[in-house]
Structures are given as structure tokens and as C-alpha cells.
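Participant: sequence first, then the predicted structure:
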Amino acid sequence: MDSKVRVRFAPSPTGGLHIGGVRTVLFNYLFAKHHQGEFILRIEDTDQSRFVAGAEEYILDTLKWCGLSPNESPVHGGEYGPYRQSERKAIYHEYAQKLIQEGHAYYAFDTSQDLEEKRKEVPNFQYSRAHRMEMKNSISLSQKEVAELLAQKTPYVIRIKIPDAEQVHFVDMIRGEVSFDASTVDDKVLLKADGMPTYHLAVVVDDYLMKITHAFRGEEWLPSAPVHILLWKYLFGLDKMPQWAHLPLILKPEGSGKLSKRDGERLGFPVFAMDWQDPKTQEQTIGFRERGFLPEAFVNLLAMLGWNNGTEQEIFSLDELIEQFSIDRVHKAGAKFDYEKAKWFNQQWIQKTDNEILAHLVKPYLDAAQIEVHEWEYLVKVIGWVKERCHLLPDFVTQSAFYFKAPETIDTASIQSKWNTDKQDFFIALANDYEKFISSHESSVESSTDFPKDAISLETHFKNLAAERPIKLGELLLAFRIMLVGGKFGPGVFEIVEAIELKDAMQRIRTSLSLLSTN
RNA sequence: GGCCGGUUCGUCUAUCGGCUAGGACAGCCCCCUUUCACGGGGCAAAGACGGGUUCGACUCCCGUACCGGCUACCA
């Protein structure tokens, strides 16, 4: 790179950040950091009717959670501010005027009703060469009429004047050479009647002023690229234009089309990075963070949606991604989102994450489930014992609750049908033995060497006790497990007894016995 | 309709003219586990179609089909 790489993510603050948006951020960020460049966040709040309070803060929080914080932004500051387009109105006016003076743009006075009627009247109406003379604008009207309308403060927009016959082409970093016949695009509005620029003007002006070298955006922008190319040509020169990269879309898991918030609701998985509540409707939308994804996993899975390093490696840390990212390994085609695979990435990252760190992340879920943790060290140990069977953070609640308190529901149904007095006697004996061990331990302070409290001796004791009886060991073990944890899951039973200790184990046996009948 | 983009197992993808088309997720089977997972092993599963170019095409070219995106004073 001849000059310092500068990229930007430019969302409009209209709601929660969708995974497609986060992936655009990610690729921007990876590209910038790979080239020791800068990543800029610019807020495109030019549509006042769609502005949503809190959305900008949400975006910043999301970037922070993902570890993708910008070098420059409305809150981080920077040399090229302001970073909110609503605060840059005067700048856009200046460039719009320049375009008008040079004959590349014009005033249009048509009201929205005028346009609506015209669209009804003319099928496939385009505000372009074919019809612009039929409309009310500074090309169709005389200079005098235009001056009068302006003097009367008639509301107007400024439109780009698309040239009659021009082949517009550019090289996309992902798609290669792309070309358009300019006559197929219409005279897009650049400056709206409320004085705000549209995306088309703002993106070009700001990318120039903010010295953006590489512009990443979703594939849905490809059709308007010729407008932007033309504006670059008229305003700043094509040699100054950033290199474009139009990223493939993230698609619905089933059927076809762009992934939307609704798909998540319908299919039961998050689409937004974090929980979002619409301030107007109060509508809650679940996020990956709250569903129990680790940011490392979230970033990892997003990176793999459209990029890979050519090997069979699938698990990457952010640093590895930065080191290995390369734009020419980005896929052209859209990718369907697969929630099952997303969970797999999270499971992989849970295994890689330190127990102490996981404990901090899991604690809030335990609190929410009203599971009391008295000893931090014990929590950390429990995390280590159960982590391999957890895909999402809330899985830790179900997988570890029994380490902290007796199960609330006991799946007696799984053992009731084969329950009999032999088994009942066995467990009464077991509970009695445990009670005996406890009291002997309490009375003779340090001396009880034969007191079984580690998993191995507990298992030996259990087996010896079972050997005296005409019952299959497997059935006893299953029953014991259910008594201890409430269901058919969890680590080895004797490790659990060791962890929760004999007194708890004894009580759980007795509680369960009271629930089982032997008839 | 027009314009633009895309097309390898169900899904994410590898392959940059030599392929018995590889991996991962999901599915199924086996092992491990006297539970559930984890883990290990295995099975099944793909080049949209038709033409070229070439000794050879999934890879390059053309056409068709299908899918998607855009077609707002929204981004």
C-alpha cells in the first residue's frame, strides 16, 4: 500500500446491529489491521425519519463487545470529524453546488405527489434522460423560472445528471471488473428537500474527506456503484477514489433471501449482536451476547461466513484473523446462516476459554436462575468439570445447578417402572452408610482414615454394597445419578458425590426415595 | 420488466486445467462412557444445464436455467 490504509464502517442508526453489519465491520477491521491501517466509524444519520435514539450507542457497544473498536468515531474523536453526517450538512451543500455549477447536477422542484402521479402514468418510470424534460427542474425550466422558484423558497432537491451514453466501470476487489451502462441508472437525488444529503452524495464526500482508501459494503450497494463512481469522477477524480469491495450477503437458513430480524424470531435464533429494545415499540430482540455466545466465537463464526485461509483450520482468534486475512480469499456468493454451526463455534471457544474467565461470564446466568454460589473457587472448579458439555453460556446453568443445590425436579419416571424393594433397600443402606461415615468423621476428628470421600473410594464402597445384592450395577448407577442430579446427564456420579459431599448426597437419596414407590 | 451479481455434498467451504472432488456442521452407524455429553472411528452426501477451447475442465469462454440484490427526497 502506498498510503496508509483507512477504512470505515458507516451504519445508519436505525436499530440493532444485524450480523451482516457486524461481518462488514469485521472485514473492514481485519483488512485495516492486517495492513496496519485505521478503522473509522462514521454514523450515517441523514434520514431523520428513520433515526432511532440509542442506536448509535448500541453500535459502539457492539463493536466494543466484539473487540473491534474504531480508531476514529463520534466518541473516539479524530482529525476528520465530525463523524456524524447530520453534523456535516454544510459540507455536502458545498459539493452539491459545485456539481450544479459544473453541469453535473440540477435542481428539481417536483413534489412527491408529482412523482407519484408520474410513476402511475409511466410504467417503469425513471427520472432520467427519457423523462427529465417532462419534469419540473432546472434543465426543463428556463433560467428565469428557476431563479423565481428559488427566490420563492420553493422546496427542491438536487439530482445528479447522469450522462447520456457512458460506460462506467471499476474493479471490485472481490468481483473483479464490473461495468454498467450509465443510461440505465436514473438521476438520483443527492440533496433532499430537508437539506440533508442522501447516502450517494454523503458517502462520496465523506470517503474523500476522511481519506478512505478501501471501501467495504454489502453487495446490495452494487447497483448504485455507478452513481458513486460518477460523483468521484466529477468531484475529486477517479485517481483518488478508494478501492471498492462489495461483500456477499448473509442469507436465510432456509428458503432464499437476505437474513432478516424476522427470520431469527421465526426460527428461534438471534440475528442481532446484542439484545435490542426498540424505544418506540418496546419490542425486544434477542442478541448473540445474551444468548450466551462468547465474543471470540461470534467473531470467529462471522469470519468463516465468506472467508477462509485455504486450509482446514476453522477456529481462529482475532489476532490470527488479522494476521491471515486477505481480501482475495473472500467468497463471491452469499452464505446461508446455520445456527447449529454457530453453536459449534461457541462450544469450541468455551473449551478454549480459561475457567476463571468463564466463571465471571457464567455467574450472571446462575444469579438469574437464583443459584447461590458461596465459594468462588468451587464455581471455577465446577465450570471445569462441566464445560465440555456446554455449547452456550446458559447451558452451564442446567449442567451445573446440582453442584450448588439439590435438583428441583427429579426424573423418577425413568426409574420408577423398574423400581423394587431390592433397590430401595440398597439405597436405604447407602444413605445409612453415608450418615455413619459423617458422624464417625465428626466424632473422631482427624483419625478416620477409612472414611471414603474421594470418588474412587466412594465407587469401591458403592460397588461392594451392590455386590451383596441381586441387582444390576448399571441400574443402580442410573438411579443414583438421577437422585443426585435430577436427570440423565452430568459427569461421573462419584465425582459428583465427592464435590457435593456425603451429607448432601445422603439427603438427595432420601428425598428421592420418598418420591419412589415399590408396588 | 430493466440493470447488476451469484451458482461444488442439506449447510459453510477447499480446489487457482490433472479429482479416487478434501474438510467442518447437521444426519446415520460403531467405539469410549454401566448416564448425558466430549472424544475417536466409519457411512451417506456435491460440480445447475447445454455448447465450445484443450491431450485433459469443477476450474477458461459463450449461451440457457435458476437464485439473489437493486430499481425511494431509506440506507
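Facilitator: Yep, that arrived. Numbers count the residues shown, from 1 in each chain, chains lettered A, B, ... in the order given.
Participant: could you use CA atoms for every contact and neighbour count after this?
Facilitator: Noted.
Participant: tell me the spacing between the residue most central in space within chain A and A:D45.
Facilitator: The structure's chain A has its C-alpha centroid closest to A:A273; by C-alpha atoms, centre = their mean the separation is 3.0 Å. Plainly put, A:A273 is 20 Å away from A:D45 if you go by C-alpha to C-alpha, to the nearest Å.
Participant: does RNA strand B sit close to stretch A:81-96?
Facilitator: No. No part of stretch A:81-96 sits close enough to RNA strand B to count as contact by C-alpha under 7 Å from any atom of the strand; the gap is at least 9.6 Å.
Participant: buried stuff in that stretch?
Facilitator: For stretch A:81-96, the neighbour count (16 or more other C-alpha atoms under 10 Å) marks A:81-86, A:88-89, A:92-93, A:96 as buried.
Participant: try stretch A:62-81
Facilitator: A:62-63, A:65-66, A:68-70, A:72-74, A:81.
Participant: stretch A:382-397 now?
Facilitator: Neighbour-count burial for stretch A:382-397, counted by 16+ other C-alpha under 10 Å, picks out A:382-387, A:389-397.
Participant: kindly report the same for stretch A:132-144.
Facilitator: Taking 16+ other C-alpha under 10 Å as the neighbour-count basis, stretch A:132-144 is seen to contain the buried residues A:132, A:135-139, A:141.
Participant: for those residues, which one is nearest A:K352?
Facilitator: Sorting the buried residues of stretch A:132-144 by distance to A:K352 puts A:R132 at the head of the list, at 62.0 Å, by C-alpha to C-alpha.
Participant: for the closest one, which non-adjacent residue is closest in space?
Facilitator: Closest residue to A:R132 apart from its sequence neighbours, by C-alpha to C-alpha, 6 or more residues apart in numbering: A:S140 at 7.2 Å.
Participant: let me have the buried residues of stretch A:132-144 in CSV, extended by distance to A:W419 and secondary structure.
Facilitator: Rendered in CSV, the data for the buried residues of stretch A:132-144 read as follows (distance: C-alpha to C-alpha, whole Å; DSSP: H, G, I helix; E, B strand; the rest coil):
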residue, distance to A:W419, secondary structure
A:R132, 87, helix
A:M135, 87, coil
A:K136, 89, coil
A:N137, 89, strand
A:S138, 92, coil
A:I139, 92, coil
A:L141, 95, coil
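Participant: coming back round to it: quick one: which of the buried residues of stretch A:62-81 sit in helices?
Facilitator: Secondary structure assignment (DSSP state H) places A:62-63, A:65-66 from these within helices.
Participant: what would these look like in TSV with distance to RNA strand B?
Facilitator: Rendered in TSV, the data for these read as follows (distance: C-alpha to the nearest atom of the strand, whole Å):
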residue	distance to RNA strand B
A:T62	17
A:L63	17
A:W65	22
A:C66	20
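Participant: now, among these, which is nearest to A:I160?
Facilitator: Closest to A:I160 out of those is A:L63 (34.8 Å), distances taken as C-alpha to C-alpha.
Participant: residues contacting that closest one?
Facilitator: Contacts were defined as C-alpha atoms under 8 Å, 6 or more residues apart in numbering; by that measure A:L63 touches A:22, A:69-70.
Participant: per-residue confidence for it?
Facilitator: Among the per-residue scores, A:L63 shows a pLDDT of 98.
Participant: now it: how far from A:M274?
Facilitator: Counting by C-alpha to C-alpha, the gap from A:L63 to A:M274 is 10 Å.
Participant: give me the helices and strands touching the helix or strand containing A:F494, please.
Facilitator: When elements are assigned from DSSP states H and E, A:F494 belongs to helix A:493-515. Packed against helix A:493-515, as judged by 3 or more C-alpha pairs under 8 Å, 6 or more residues apart in numbering; DSSP states H and E, are the following elements: helix A:395-404, helix A:421-443, helix A:455-467, helix A:473-485.
Participant: go through those and name the closest to RNA strand B.
Facilitator: The closest approach between RNA strand B and any of those, judged by C-alpha to the nearest atom of the strand, belongs to helix A:473-485 at 3.9 Å.
Participant: wondering if that closest one reaches RNA strand B at all.
Facilitator: Yes. Residues of helix A:473-485 contacting RNA strand B under C-alpha under 7 Å from any atom of the strand: A:473-475, A:477-478, A:481.
Participant: got the residues of the stretch 101-250 of chain A near RNA strand B?
Facilitator: So far as C-alpha under 7 Å from any atom of the strand goes, the stretch 101-250 of chain A lies against RNA strand B at A:109-112, A:124, A:126, A:155-157, A:175, A:177-181, A:184, A:188-189, A:192-194, A:197-200, A:219-224, A:249.
Participant: hang on, the earlier thing: now the residues of helix A:473-485 next to RNA strand B in TSV, with neighbour count?
Facilitator: Formatted as TSV, the residues of helix A:473-485 next to RNA strand B follow (neighbours: other C-alpha atoms under 10 Å):
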residue	neighbour count
A:L473	14
A:G474	9
A:E475	14
A:L477	17
A:L478	17
A:R481	22
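Participant: list phi and psi for the closest residue to A:A335 other than its chain neighbours.
Facilitator: Excluding its sequence neighbours, the residue lying closest to A:A335 (C-alpha to C-alpha, 6+ apart) is A:I250, at 5.1 Å. Reported as degrees, to the nearest 10, the phi and psi values for A:I250 are phi -100, psi 120.
Participant: burial measure for A:I250, as a count.
Facilitator: One way to gauge burial is a neighbour count; for A:I250, by other C-alpha atoms under 10 Å, it gives 24.
Participant: who touches it in this structure?
Facilitator: A:20, A:258-259, A:305, A:334-337.
Participant: pull up the per-residue confidence for the closest residue to A:W419 other than its chain neighbours.
Facilitator: Sequence neighbours aside, A:T518 is the residue nearest to A:W419 in space, at 6.0 Å (criterion: C-alpha to C-alpha, 6+ apart). On the pLDDT scale, A:T518 is placed at 74.
Participant: swap in A:Y365?
Facilitator: With respect to pLDDT, A:Y365 scores 96.
Participant: which of the residues in the helix or strand where it lies are classified as buried?
Facilitator: Secondary structure assigned from DSSP H and E places A:Y365 in helix A:355-368. By 16+ other C-alpha under 10 Å, the buried positions in helix A:355-368 come out as A:355-356, A:358-359, A:362-363, A:365-366.
Participant: how many other residues sit next to the closest residue to RNA strand B within the stretch 1-150 of chain A?
Facilitator: Of all residues in the stretch 1-150 of chain A, A:T111 sits closest to RNA strand B, at 3.9 Å by C-alpha to the nearest atom of the strand. As a burial measure, A:T111 scores 13 neighbours (other C-alpha under 10 Å).
Participant: mind jotting down where the helices sit in the stretch 51-200 of chain A?
Facilitator: Using DSSP state H, counting those that start in this stretch, the helices of the stretch 51-200 of chain A run over residues A:55-66, A:89-101, A:112-121, A:143-151, A:199-209.
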